[in-house]
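Undergrad: Mind folding the following:
(one chain, ligands or ions: 1)
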Amino acid sequence: MMSKFKIAMVQMAVGTSKPGNLARAAALIKEASSAGAKIITLPECFNSPYGTKYFPEYAEPIPGPSSEAMAAAAKENKVFLVAGSIPEKCGDKIYNSSAIFNPEGEMVAMHRKVHLFDIDIPGKIRMQESEILSPGKQMTMFRTPYCQVGVAICYDIRFAELAQIMTQKGCHLLLYPGAFNMTTGPAHWELLQRGRALDNQVYVATASPARDTQASYTAWGHSSVVNPWGEVISTTDEKESIVYADIDLERMEEIRNQVPLRNQRRHDLYRVSEPAEEDRREEL
Ligand SMILES: NC(=O)CC(=O)C(=O)O
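TA: The predicted model follows:
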């Protein structure tokens, strides 16, 4: 395993033209790869504006035109690509899904957002993804020559157990394409990333769409990378940009040895674990 590598979190300006979004994504992937990034992450909903009214119109299968364009971009640039998310049509359901490609352009994993964003903050923001979307049913991890990586989408970051289990399963980097908003962004976005990183002593990184004040959903932006000490090591403002960071797994190990949480858990008092396979079988 290589212990040091560069990642890029692409804070892309997403518009209403799907072909325009795909072309922009391909250009930014090329730029990030030229800068040395080995794992590149696009934002939640990178091929469509974010919002339940857009999902049915922009939804497409995986494999489909958007995922094929991203497979080609991963292959051309020889990078691991977490292709943000798109509204994915599968039968009569729509999911919020992230397709993940290796440097050969093969899809190695796909995450369907497991916690749907259903909130109601009077006078501020109401969103009910579940009116249109269905939730995924699986955690998502993939292997790279650098480390094992966990992927979840936006609202999934609020659920500490998911990050804990992905960490227990050996992930050292958790990637979250996401699109927080002007209410929850300033309040919770950085706090959640730092919390997930510090609790689990892993690297946590987010990729948001750039802010578009004309859009019906205004994204907070501020894509970031947080280290296992809980420090924000790279971030940006609301504009289109690419956030780079060097991931250093030796530094992670050093922190884990200095503050040895992994050996100090009181499994006699509490435990975070997946349900047994037989309990999940019906659901899957
Ligand atoms: N957009 C989301 O899924 C989540 C979000 O904005 C929040 O949790 O706040």
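
Undergrad: Contacts for the lowest-mean-pLDDT helix or strand in the chain next, please.
TA: Least confident helix or strand, the chain: helix 277-280 with a mean of 73, by mean pLDDT, DSSP states H and E. Outside helix 277-280, the residues within contact range by C-beta atoms under 8 Å, 6 or more residues apart in numbering are Glu274. Glycine gets a C-beta too; all of them are placed from N, C-alpha and C.

Undergrad: and that helix, how far out from the chain's middle?
TA: 26 Å (C-alpha atoms, centre = their mean, to the nearest Å).

Undergrad: again, but for stretch 108-123
TA: Relative to its chain's centre, stretch 108-123 lies at 12 Å (C-alpha atoms, centre = their mean).

Undergrad: so how far does that stretch reach from one end to the other?
TA: In stretch 108-123, first residue to last residue: 42 Å (C-alpha to C-alpha, to the nearest Å).

Undergrad: Which residue, other than its chain neighbours, is closest to Gly185?
TA: Using C-beta to C-beta, 6 or more residues apart in numbering and skipping residues adjacent in sequence, the residue nearest Gly185 is Trp220, 2.5 Å away.

Undergrad: and the one you found, how many neighbours?
TA: Close neighbours of Trp220, defined as other C-beta atoms under 10 Å, add up to 23.

Undergrad: Test my guess that it contacts His188.
TA: No - with contact defined as C-beta atoms under 8 Å, Trp220 does not reach His188; the gap is 9.5 Å.

Undergrad: Need the residues touching each of those two.
TA: Common contacts of Trp220 and His188 (C-beta under 8 Å, 6+ apart): Phe180.

Undergrad: still on that earlier bit, angles on the backbone of the residue nearest to Gly185, please.
TA: When quoted as degrees, to the nearest 10, the phi and psi of Trp220 stand at phi -70, psi -30.

Undergrad: Close to the ligand: what parts of the chain are there?
TA: Proximity of the chain to the ligand is confined to Phe117, Cys154, Tyr155, Arg158, Ala179, Phe180, Asn181, Thr184 under the rule C-beta under 6 Å from any ligand atom.

Undergrad: ok, back up a step: state the pLDDT value of the residue nearest to Gly185.
TA: The model reports Trp220 with a pLDDT of 98.

Undergrad: burial measure for Met1, as a count.
TA: Neighbour number of Met1 under other C-beta under 10 Å is 11.

Undergrad: That one and Ala69, how far apart?
TA: Between Met1 and Ala69 the computed distance is 30 Å (C-beta to C-beta, to the nearest Å).

Undergrad: buried residues in the least confident helix or strand of the chain?
TA: Using 16 or more other C-beta atoms under 10 Å as the test for burial, helix 277-280 gives no buried residues.

Undergrad: is it true that Ile125 touches Phe180?
TA: No - using C-beta under 8 Å, Ile125 is not in contact with Phe180; the gap is 10.2 Å.

Undergrad: out of these two, which sits in the busier spot?
TA: Phe180 (24 against 15).
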